[in-house]
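J.: whatever this is, show me its structure:
(one chain, ligands or ions: 1)
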Amino acid sequence: MTRLLIMGPPGAGKGTQAVGLAERIGGAHISTGDIFRENVANETELGKTAKKYMDAGQYVPDEVTNAMVRDRLKQPDAESFVLDGYPRTADQVDELDTILAEIGAKLDGVIALVVEDREELVQRMIKRAETSGRADDTEEVIRHRQDVYDEETAALVPIYRDHGILHEVDGTGAIDDVAARIGAVVDSL
Ligand code: ADP
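T.: Numbers count the residues shown, from 1 in each chain. Have a look, this model is predicted:
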């Protein structure tokens, strides 16, 4: 069993890398953003709640997100997993620890993709916006999502460093090169 988190600012390539990483470990790719988008598309109650926050580039309230992740992690295919986009707040870190304790599991590692240059991230996302069709991919909302990351999520990096499970990986350069760096970390776990 391998249980991993991948984190990094919006545009760092989490989603892209998480798919390959989940295949590599034979686990589930659990992206809170993807699950929310699926619920928005299907017009579920959860989707209706999430949409107003997502469109504005705000985080969905913790109690909504936590309940959704709790359900997902208890599914039978989630013994090994890559969590992508969760946790994003200190409260979600605590909740994840609680959920994992309930199922007798613990995290093996946290991969933090590092891209220092904010402007590179914004430009990557503006480019992706041409094809993503995401309502939150306008330049204004993209910039706001970066600020929210700095305010709420950047603080998780030192938390996981203190837990002794943080692995920072250079997120710049070609997708395959970043994947190789992540692969080397995972092989060393
Ligand atoms: P990004 O490219 O910004 O990393 P995601 O696809 O991971 O995008 O998330 C899109 C949106 O979904 C976020 O801006 C937020 O509104 C919501 N969301 C995703 N994960 C979480 C979370 N862990 N907590 C709160 N909101 C979340």
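
J.: can you give me the strands in the protein?
T.: 3-7, 28-31, 81-84, 109-114, 166-170 (DSSP state E).

J.: what lies in contact with the fourth one?
T.: Here strand 109-114 makes contact (C-beta atoms under 8 Å, 6 or more residues apart in numbering) with 4-8, 12-14, 17, 21, 157, 160, 163, 165-171, 178, 182, 185-186, 189. Placement of C-beta: from N, CA and C, glycine included.

J.: quick revisit: dump the strands of the chain to CSV, plus distance to Ile103 and mean neighbour count.
T.: Shown next, in CSV, are these (distance: least, C-beta to C-beta, whole Å; neighbours: other C-beta atoms under 10 Å):
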stretch, distance to Ile103, mean neighbour count
strand 3-7, 10, 24
strand 28-31, 13, 20
strand 81-84, 11, 25
strand 109-114, 18, 20
strand 166-170, 22, 17
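
J.: of all those, which one is nearest Tyr149?
T.: Among the strands of the chain, strand 3-7 comes nearest to Tyr149, with 9.5 Å by C-beta to C-beta.

J.: now the residue of the chain found nearest the ligand. Nearest residue, chain neighbours left out?
T.: Nearest residue of the chain to the ligand (C-beta to the nearest ligand atom) works out as Gly33 at 2.0 Å. Nearest residue to Gly33, sequence neighbours excluded (C-beta to C-beta, 6 or more residues apart in numbering): Gly85, at 4.8 Å.

J.: that neighbour: what's it in contact with?
T.: With C-beta under 8 Å, 6+ apart, Gly85 has these contacts: Lys14, Gly15, Ser31, Thr32, Gly33.

J.: returning to what we had before: make TSV out of the strands of the chain and add mean pLDDT and distance to the ligand.
T.: TSV is the format used below for those (pLDDT from 0 to 100; distance: least, C-beta to the nearest ligand atom, whole Å):
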stretch	mean pLDDT	distance to the ligand
strand 3-7	98	9
strand 28-31	97	6
strand 81-84	98	7
strand 109-114	97	11
strand 166-170	97	16
